[in-house]
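S.K.: got a structure for you, letters missing:
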């Protein structure tokens, strides 16, 4: 029979488990075939009947309470002196171990969070350049860009004078690093785009911001040159695919302006 | 407690005894709590907890009895089924009232009953059913197909018997 192939898959169709294309073909067939549509209707009714009569048993409130109590954490009430002393010894030993581990791994963790900050900065740089409108304030004039940030970020900073340099300012935008607001400026040098990020150092998600360092870097796994430093309570990051000397020149201009 | 009411309903259908269902659900939550570390985040929690309940049932006295007396799968799972053309009579059967369907479901072998309940009542996808019952997707489909046919046959007999 013509419909045999369809009938064999009718239940799978009604369970919504056929591939999308087949589902569409089935929809069309069921609509045009009286025999299959009657069959489908009967099966749907059957599904509904099973669904209704399958939801049959309801747990009692007492049973619910009993299970809740049985899986709730049980408070400990009875203590003996021996247990107290033993527990105290264990706690002291654990504190000692944790303290030594903490001291031992603190520098490792700082390094980890430093790498994470660098990686976030690189992401912000790439994501912004990929955007169709990378800057919110489009201006080559630092006297336009700087006031634009007024009232948007909780600090002020100076932009360098670029006359007689190869750098040009493309504009700026607000940015966020771990929910900390900051300024993001984009510069151009010989068709390379360089991002400059400025944040309040104390707001950065690091226990010791000094761990970010004070010099030029090529952070691990990042295909960019980067320079970072701290000045007047602000943390600067200069990042881009321009050469390290270009990054360094722009960083020096900023250092001189601040 | 996630899925508490649904798990209890499913447990009642498996055990067909309210007291046993309560024990089964209680044991399931205790096991889930104890073995929560074995749950892999990102995987299906519902399938995971139903699987615990079902495995607990299968190793219970009632579960062992149910699976020992009725073979899980008489036919091979890869078997393809000939298309059954629904006759007006069978269409009428499918409109059978709830009580008739309920009794027919109760009488189904546990392997058919559980797969139908997971699909129709719990509205699980084939993939979820596959994870819950620890069987391949193809087996889910063929078992569902057989379960539906068994239910239809049972209804037909009941209907004829009046």
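M.R.: That came through fine. Predicted, not measured: the structure shown is a model, and the values here were computed from it.
S.K.: does stretch B:154-162 come close to chain A?
M.R.: No - between stretch B:154-162 and chain A, judged by Cβ under 8 Å from any Cβ of the partner chain, nothing touches; the nearest distance is 8.8 Å. (C-beta placed from N, C-alpha, C; glycine too.)
S.K.: distance between that stretch and the chain's centre?
M.R.: Offset of stretch B:154-162 from its chain centre (Cα atoms, centre = their mean, to the nearest Å): 22 Å.
S.K.: can you list the domains in chain A?
M.R.: What automatic domain parsing lists as the domains of chain A is A:1-54, A:61-106.
S.K.: Is any residue of the first one near chain B?
M.R.: Yes - using Cβ under 8 Å from any Cβ, domain A:1-54 reaches chain B at A:1, A:3-5, A:7-8, A:11-12, A:15, A:17, A:38-39, A:42-43, A:45-47, A:49-54.
S.K.: how about the strands in the chain?
M.R.: Let's take chain A. Secondary structure of chain A by DSSP state E: the strands cover A:137-138, A:168-177, A:180-189, A:192-200, A:216-217, A:225-231, A:234-240.
S.K.: To residue B:115, which of those lies closest?
M.R.: strand A:168-177 (50.4 Å; Cβ to Cβ).
S.K.: other SSEs contacting the closest one?
M.R.: Contact analysis of strand A:168-177 by 3 or more Cβ pairs under 8 Å, 6 or more residues apart in numbering or on different chains; DSSP states H and E lists helix A:81-130, strand A:137-138, helix A:142-148, strand A:180-189, strand A:192-200 as its packing neighbours.
S.K.: ok, residues contacting it?
M.R.: With contact meaning Cβ atoms under 8 Å, 6 or more residues apart in numbering or on different chains, strand A:168-177 is reached by A:117, A:120-121, A:124, A:128, A:134-142, A:145, A:148-149, A:152-153, A:159, A:162, A:181-189, A:193, A:197, A:199, A:204-205.
S.K.: Then stretch B:13-26?
M.R.: So stretch B:13-26 is in contact with A:54, A:56-57, A:59, A:63, A:66-67, A:70, B:4, B:7-8, B:11-12, B:53-54, B:56-57, B:60, B:62-63, B:105-106, B:110, B:113-114, B:117, going by Cβ under 8 Å, 6+ apart.
S.K.: In that stretch, which residues have enough neighbours to count as buried?
M.R.: Applying a neighbour-count criterion of 16 or more other Cβ atoms under 10 Å in any protein chain shown, the buried positions in stretch B:13-26 are B:13-15, B:20-22, B:24-26.
S.K.: cool, stretch A:128-142 as well?
M.R.: Using 16+ other Cβ under 10 Å as the test for burial, stretch A:128-142 gives A:128, A:134-135, A:137-138, A:142.
S.K.: next one: it to chain centre, how far?
M.R.: In this view, stretch A:128-142 has its centroid 23 Å away from the chain centroid, taken as Cα atoms, centre = their mean.
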